[in-house]
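> Need a 3D model of the following:
(2 chains)
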Amino acid sequence: MITIVMGSFQSLPDDHQYRTLSQKTGFSLEQIAILHNRFKQLSQNEETLRRDDLKTIQDLESNPIRSQIIEAFFDSRNFQKDVVGSVEEIGFEEFLTVMSYFRAPPQHITEEQREEIRRAKLRFLFNMHDTDNDGTITLEEYRHVVEELLSRSGALGRETAKGIADAAMLEVASISVGPMAPDEFYEGITFEHFLKILNGVEIETRMNIHFLNMDATVLCK
Amino acid sequence: RDWRTGCFDEECFGVLKMFILVLGLLVGSLMPLGGAASSPDTGTGHGGSHGNKNPGNGTTYSKKPFPVLSFDYEHVRLPFEISLWVLLASLMKLGFHLIPRVSSIVPESCLLIVVGLLVGGLIKMVGEDPPVLESKIFFFYLLPPIILDAGYFMPIRQFTENLGTILMFAVVGTLWNSFFVGGLLYGVCQLEGHKLAYVDLLSCLLFGSIISAVDPVAVLAVFEEIHINELLHILVFGESLLNDAVTVVLYHLFEEYSSVGSITFMDVFLGIVCFLVVSLGGIVVGAIYGILAAFTSRFTSHTRVIEPLFVFVYSYMAYLSAEVFHLSGIMALIACGAVMRPYVEANISHKSHTTIKYFLKMWSSVSDTLIFIFLGVSTVAGPHQWNWTFVVATVIFCLVARVLGVVGLTFVINKFRIVKLTSKDQFIIAYGGLRGAIAFSLVYLLNPKHFPMRNMFLTAIITVIFFTVFVQGMTIRPLVDLLAVKKKQETKRSINEEIHTQFLDHLLTGIEDICGHYGHHHWKDKLNRFNKKYVKKCLIAGERSKEPQLIAFYHKMEMKQAIELVESGGGAKLPSALPSTVSMQNIQPKKPSQDRALPQLSKAREEEIRKILRTNLQRTRQRLRSYNRHTLIADPYEDGWNEMLLKRKKMKELEKKISQMNNYLTVPAPPPDSPTITRARLASDPQAWGLKSVTESIPTIKVDLASPQSPESVNVVDEFSKKGSQPKEEEGGLTMKVPSPAKQRKDKTPDEEPQQRLMRCLSDPGPAAEEEDEDEPFLP
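Sure thing, here's the model as predicted:
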């Protein structure tokens, strides 16, 4: 049998697992290896990762939407289709799946593929906002999003957050639904409306981070 | 409409007459010039006859009759000519837009060069020497406004995201172009033999370095008209700005050593060091002045009128200071504008902001026009030496070098970019590499003694410039359409996009932290936090320093909306038959128990009221739907009748004091216990009392501004006020209580133009809410 040389940071038994993961998520094998190292570092060499492990990352502490980001890793909707709810701990496969939402789209793809990638990324964002898993972002949830964003800005943030959220919601309603009679009620932002309002933001090019191909990670504190 | 009939329009005729007059004056002014210069004694004679002392020779002095009217052109000559040229340039600009067909085919820069050629030709025919685009005037007076305009309004976000690419194109691309063109030209010169053999290698390299720089003026002039997508625009434009440092270094290097005749390795090494010094030094100088300007603007709250002056003077000083040390003045100017903008905009008043914007646009526009006209005139004037081989070779090599350079560099760059550059992009980048007046001026600066081939260079440069501006400038627009290159998105930033942009920033930073590697977002976030914690406190006055970007954006939006309301509410009838507002009621979950003290109206009465309201309120419909939670007026179908009554009452009061309109324009105002906001607004702008309504317990009702025009509405108000139901609390977040203290405050305010009372522009301290045209409606 021909053994494929993978580099110095992989053990051969993981090879098969890596290849399936690579096919599933689209990462290259080197990238998977690096992320696996990171996973092991965060989970203190255990098999699964918990919320507390992510909370220990110091750099995340100054991030206003920290809890939502952490929650996104444990949200079942992001790694299995048609399953709702959140889990307490995740394995490497789920970790990688969530990370794969942040891969850049490959260069030569068709329009449909680009649209699909766009939808997937926006679905991830949508799931982050829709905390009660009911398929719509209600006004309360949206308010929460804006409040979290402005949570580091003190009193000024809290006061205007509500106004901003209301205005934003109004905009979505008027763009998606158009004129409404006063007794009609806009339930919340559905995924289709969400797609519509974020049409101008080129998500597929902006929601990406650069995954390293070589193991030159700067280890966090 | 045929261009001929277009020309026979009144306006066009008028402009033509003025143009001919100005042209005549211009040509005529150069003639007495010649006359006066040759007879200086007539000048003194004039001076003498203004009768002061006896002339020095003490002889009899004949008494002349007192000169009632005299002609003394000499002493106003210089400012007169300058004004005449500026006037000519502006009239030209005016004229082009009156001839519709031509201006859509030919870019303005081409037309201006043609005009310059005509004027130059005219002047030459008269027998005078046409003025040439002197390098000093160009570099000190004509170029800075354009660069400052570009730097101040530079979209920082896109610029920094693509900085690596831009630098690659600017530095490596320009170097490649210079050496390729210079080297090959030298080869051609040697091969040519007899006529060109005297052109040595260093001169060729010098020429190559001058001509290979993409020119920001030309790029701006052409790209502004084709509305290409932001990425390509920033790439080509950024390249044209940053290659200045390379050009400066190469120019000085080759110029210094071409007299010596050879270059050693040491010189090359020093050249590289010089490059770093020139570029970084320029940026540092610019940044220092930028910070000074920002700091100064912190204290200008009592002298609003001179705020724009600080911006202009500090920037110009940055440019000149950089030029003192032969650093890159362009980079200093860009750095100054970009650094100072977020802080200055947070400090200055709205009017100053508008002033700065319009002054910059005006100056850069005039400069731009003058540059192209002078290019045309200089072509007629300049000493030429035509050499077919050299010129044709230059043009071809420039094109080839550009294409090869772009393709090669993109291949390398794409390995590092997330968003790769497609071949369409590459084509536009290559095609958009226009040369312009900077190259011309640099050649003009060459000393003919050291460079005997200067005239030939001049001719070649002019040919290349003409080629790029005419051929490439004219064809780029149809090519962009043909290739279906993405155009600039015209939609305005919506609040949702802004929220999500911020959200994405934090999200991506968080993911990077989880991944464990410090990438682009991590450093950006760190910089933002540093900025927020330390820098903003120093440079921004008052409470504004703590305002997060999202809130700043939101306030800016409110502001625009308010301005628009003022502007539209006074005038146009907006025809729309149906109520089209989505209001808070639609999104607010209804509480089951609401007690409203509604007047019990019969159905018929309701219908009648509705009809009256509709007819009265037709004209007051505004286009701003989503953000007006309180435009109940525009929606007569709402069943918040008590609110309606209140509104009517308010309108009546409003009619009396129209200038307090803006009191009600601030949509979701924060609750009363936000003294910080009040203090901030009042302290920083004593004029901006507008947000006093902020201190009210609830958001105030937005009232329609067309009320003064509708006398019928007064009757309606009277009608309703008789019904007189008291306002009551309704839904949780949305109360319509009348803010009674506001009324008293209203009385205190003097009558002023509403515009002046509006708060100063709270533009966000970052690049996000960038908009060019405040006059456009906020929502598309």
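> by contact count, what packs against the strand or helix carrying B:Arg614?
Using DSSP states H and E, B:Arg614 sits within helix B:603-617. Under the contact criterion of 3 or more C-beta pairs under 8 Å, 6 or more residues apart in numbering or on different chains; DSSP states H and E, helix B:603-617 touches helix B:711-723. C-beta here means a position set from N, CA and C on the backbone, and glycine is covered the same way.
> so where's chain A uncertain?
Residue ranges of chain A with pLDDT under 70: A:1-14, A:81, A:153-157, A:182, A:214-221.
> Would you mind finding the longest helix in it?
helix A:154-176 (DSSP state H).
> and that helix, how far out from the chain's middle?
From the chain centre to the centre of helix A:154-176 is a distance of 23 Å (C-alpha atoms, centre = their mean, to the nearest Å).
> got any ranges where the stretch 451-600 of chain B has weak pLDDT?
Confidence mapping of the stretch 451-600 of chain B against pLDDT under 70 gives the ranges B:490-492, B:543-546, B:569-600.
> Going by residue numbers, what spans are helices in it?
Using DSSP state H, counting those that start in this stretch, the helices assigned to the stretch 451-600 of chain B run over residues B:454-466, B:473-482, B:495-515, B:520-530, B:536-539, B:549-569, B:584-587.
> now do the stretch 201-350 of chain B
When assigned using DSSP H, counting those that start in this stretch, the helices of the stretch 201-350 of chain B occupy the ranges B:201-211, B:216-226, B:230-258, B:265-297, B:307-324, B:329-347, B:350-381.
> Check the ones you listed for me and report the most buried one.
The highest average neighbour count among the helices of the stretch 201-350 of chain B, using mean count of other C-beta atoms under 10 Å in any protein chain shown, belongs to helix B:329-347 at a mean of 27.
> The longest helix of chain A - contacts with which helices or strands?
Packing partners of helix A:154-176 (3+ C-beta pairs under 8 Å, 6+ apart): helix A:139-149, helix A:191-197, helix B:495-515, helix B:549-569, helix B:584-587, helix B:675-684.
> Now that helix: buried residues?
Across helix A:154-176, burial judged by 16 or more other C-beta atoms under 10 Å in any protein chain shown covers A:156-176.
> now do stretch B:440-447
B:440-446.
> want to throw those residues into JSON lines with distance to B:Gly405, secondary structure and pLDDT?
Putting the buried residues of stretch B:440-447 into JSON lines (distance: C-beta to C-beta, whole Å; DSSP: H, G, I helix; E, B strand; the rest coil; pLDDT from 0 to 100) gives the following:
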{"residue": "B:Phe440", "distance to B:Gly405": "22", "secondary structure": "helix", "pLDDT": "88"}
{"residue": "B:Ser441", "distance to B:Gly405": "23", "secondary structure": "helix", "pLDDT": "88"}
{"residue": "B:Leu442", "distance to B:Gly405": "20", "secondary structure": "helix", "pLDDT": "88"}
{"residue": "B:Val443", "distance to B:Gly405": "21", "secondary structure": "helix", "pLDDT": "87"}
{"residue": "B:Tyr444", "distance to B:Gly405": "26", "secondary structure": "helix", "pLDDT": "85"}
{"residue": "B:Leu445", "distance to B:Gly405": "25", "secondary structure": "coil", "pLDDT": "84"}
{"residue": "B:Leu446", "distance to B:Gly405": "25", "secondary structure": "coil", "pLDDT": "83"}
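> Reformat the residues you listed into CSV and put distance to chain A next to each item.
As requested, the buried residues of stretch B:440-447 are exported to CSV (distance: C-beta to the nearest C-beta, whole Å):
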residue, distance to chain A
B:Phe440, 39
B:Ser441, 39
B:Leu442, 38
B:Val443, 41
B:Tyr444, 44
B:Leu445, 43
B:Leu446, 45
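> Any stretches of the stretch 101-250 of chain B with poor pLDDT?
If you take pLDDT under 70 as the line, the stretch 101-250 of chain B has these spans: B:193-194.
> thinking again about what came up before, which one of the helices of the stretch 451-600 of chain B lies nearest to A:Glu148?
A:Glu148 lies closest, by C-beta to C-beta, to one member of these: helix B:495-515, at 9.0 Å.
> In terms of secondary structure, what does the closest one contact?
Packing contacts for helix B:495-515, counted by 3+ C-beta pairs under 8 Å, 6+ apart, involve helix A:29-42, helix A:66-73, helix A:111-129, helix A:139-149, helix A:154-176, helix B:520-530, helix B:549-569.
> Show me what the third one is packed up against.
Spelled out, that is helix A:111-129. Counting contacts by 3+ C-beta pairs under 8 Å, 6+ apart, helix A:111-129 packs against helix A:66-73, helix A:76-79, helix A:139-149, helix A:191-197, helix A:203-206, helix B:495-515.
> right, so those helices: which one is the most enclosed?
Highest mean neighbour count of these: helix B:495-515, a mean of 23 (counted as mean count of other C-beta under 10 Å).
> Return the angle between stretch directions for that one and helix A:29-42.
80 degrees (axes from the mean of the first three to the mean of the last three C-alpha atoms, to 10 degrees).
> relative to helix B:520-530, how tilted is helix B:495-515?
Helix B:495-515 and helix B:520-530 are oriented at 110 degrees to each other (the same axes, to 10 degrees).
> Next, the angle helix B:549-569 makes with helix B:495-515.
Per the same axes, to 10 degrees, the angle that helix B:495-515 makes with helix B:549-569 is 170 degrees.
> Walking through the stretch 1-150 of chain B, point out its helices one by one.
Going by DSSP H, counting those that start in this stretch, the stretch 1-150 of chain B shows helices at B:3-7, B:10-38, B:40-49, B:77-98, B:100-105, B:108-126, B:135-137, B:143-152.
> Go through the shortest one and flag the buried ones.
Translated: helix B:135-137. Neighbour-count burial for helix B:135-137 flags B:135, B:137 (criterion: 16+ other C-beta under 10 Å).
> From the contact counts, what lies against that helix?
Using 3+ C-beta pairs under 8 Å, 6+ apart, the elements in contact with helix B:135-137 are helix B:437-444.
> what helices or strands is the helix it packs on leaning on?
Applying 3+ C-beta pairs under 8 Å, 6+ apart, we find helix B:437-444 packed against helix B:135-137, helix B:201-211, helix B:216-226, helix B:230-258, helix B:350-381, helix B:454-466.
> I'd like to know which of the ones you listed lies nearest to A:Phe92.
Smallest distance to A:Phe92 across the helices and strands packed on helix B:437-444 (C-beta to C-beta): 36.0 Å, for helix B:230-258.
> any bit of that closest one sitting next to chain A?
No: counting by C-beta under 8 Å from any C-beta of the partner chain, chain A has no neighbours in helix B:230-258; the shortest distance is 9.3 Å.
> CA-only coordinates of stretch B:88-108 in PDB, if you can.
The C-alpha trace of stretch B:88-108 is given here as PDB (Å, rounded to 0.1, in the frame of the first residue of the first chain):
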ATOM      1  CA  LEU B  88     -12.500  79.900 -18.500                       C
ATOM      2  CA  ALA B  89     -12.000  76.500 -16.900                       C
ATOM      3  CA  SER B  90     -15.300  76.800 -15.000                       C
ATOM      4  CA  LEU B  91     -17.200  78.000 -18.000                       C
ATOM      5  CA  MET B  92     -15.900  75.100 -20.000                       C
ATOM      6  CA  LYS B  93     -17.100  72.700 -17.300                       C
ATOM      7  CA  LEU B  94     -20.400  74.400 -17.400                       C
ATOM      8  CA  GLY B  95     -20.600  74.200 -21.200                       C
ATOM      9  CA  PHE B  96     -19.900  70.500 -21.400                       C
ATOM     10  CA  HIS B  97     -22.800  69.500 -19.400                       C
ATOM     11  CA  LEU B  98     -25.100  71.600 -21.500                       C
ATOM     12  CA  ILE B  99     -24.200  69.600 -24.600                       C
ATOM     13  CA  PRO B 100     -25.600  66.300 -23.600                       C
ATOM     14  CA  ARG B 101     -24.600  63.900 -26.300                       C
ATOM     15  CA  VAL B 102     -20.900  64.800 -26.300                       C
ATOM     16  CA  SER B 103     -20.400  64.600 -22.600                       C
ATOM     17  CA  SER B 104     -21.800  61.100 -22.500                       C
ATOM     18  CA  ILE B 105     -19.400  59.800 -25.100                       C
ATOM     19  CA  VAL B 106     -16.200  61.700 -24.400                       C
ATOM     20  CA  PRO B 107     -14.900  62.000 -20.900                       C
ATOM     21  CA  GLU B 108     -14.500  65.500 -19.600                       C
END
